[in-house]
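Enquirer: the following comprises the amino acid sequence and a computationally predicted model.
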Amino acid sequence: AQSVSQHNHHVILSEAASLELGCNYSYGGTVNLFWYVQYPGQHLQLLLKYFSGDPLVKGIKGFEAEFIKSKFSFNLRKPSVQWSDTAEYFCAVNSVASGTYKYIFGTGTRLKVLA
Amino acid sequence: DVKVTQSSRYLVKRTGEKVFLECVQDMDHENMFWYRQDPGLGLRLIYFSYDVKMKEKGDIPEGYSVSREKKERFSLILESASTNQTSMYLCASSFRGQDSNQPQHFGDGTRLSIL
């Protein structure tokens, strides 16, 4: 069965530190990959997505992610975090060949940025 | 901007009651989804629908049913509420798109407590 792993459940950083959140998925076929963010008290919103082409994708608010097919990974990065990046981050995968619109979400990473 | 509206932000019900959670989207999306979000477990798919009157079971459908009589509305029904159904419920919608590559748009969630 398809699955998505986010190994970092809680991350605490100081402002201006660099961020990398891991995401690994288990599926051998073509996938669509997403990162969503949920700020405190708000709904989930899309940070960035990868379908094809350049494996380095840029999203909103200075976030980027790199798709490494050989490692089944789609890690999220930001060079310098801000206090306002405190949120929960979810990686999600959708399989192209499965013929369904079912998305698999990771368990999430709670990021706390200290001012 | 896409708007996914869930009828209640907070809801308190009693064990054994039949509970209805409503979701409406205003962007003519074909796909609609119901998830529950629990700490440490991320988002788990309950049911989804890719067309009016069509539905498919997700990963945890037991104890739930859904209804999609109109394209814009997707209802989640707890047939006989139990305390283990206390959770945050999220509704989402998306275009069908090519190769299932459309991101999902989420509502604000309904925090349901079953006493």
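Expert: Structure received. Numbering: from 1, shown residues only, chains lettered A, B, ... in the order given.

Enquirer: C-alpha only now, for contacts and for neighbours.
Expert: Fine.

Enquirer: contact residues of chain B facing chain A?
Expert: Counting by CA under 8 Å from any CA of the partner chain, the residues of chain B lying close to chain A are B:31, B:40-44, B:48, B:50, B:58, B:96, B:99-101, B:103-109.

Enquirer: show the pLDDT at residue A:81.
Expert: Model confidence at residue A:81, given as pLDDT, is 97.

Enquirer: mean confidence score for stretch B:12-25?
Expert: Confidence for stretch B:12-25, expressed as mean pLDDT, is 97.

Enquirer: need the contact list for whichever residue of chain A sits closest to chain B.
Expert: When distances are taken as CA to the nearest CA, chain A approaches chain B most closely through residue A:107, which lies 3.7 Å from it. When the contact criterion is CA atoms under 8 Å, 6 or more residues apart in numbering or on different chains, the partners of residue A:107 are A:4-6, A:9, A:90, B:40-43.

Enquirer: what do you get for residue B:34?
Expert: Contacts here follow CA under 8 Å, 6+ apart; on that basis residue B:34 touches B:45-48, B:76, B:89-92.

Enquirer: if we can go back for a sec, how about JSON lines for the contacts of residue A:107, with neighbour count and pLDDT added?
Expert: As requested, the contacts of residue A:107 are exported to JSON lines (neighbours: other CA atoms under 10 Å in any protein chain shown; pLDDT from 0 to 100):
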{"residue": "A:4", "neighbour count": "21", "pLDDT": "93"}
{"residue": "A:5", "neighbour count": "18", "pLDDT": "94"}
{"residue": "A:6", "neighbour count": "19", "pLDDT": "95"}
{"residue": "A:9", "neighbour count": "15", "pLDDT": "91"}
{"residue": "A:90", "neighbour count": "28", "pLDDT": "97"}
{"residue": "B:40", "neighbour count": "12", "pLDDT": "87"}
{"residue": "B:41", "neighbour count": "12", "pLDDT": "90"}
{"residue": "B:42", "neighbour count": "20", "pLDDT": "91"}
{"residue": "B:43", "neighbour count": "23", "pLDDT": "93"}
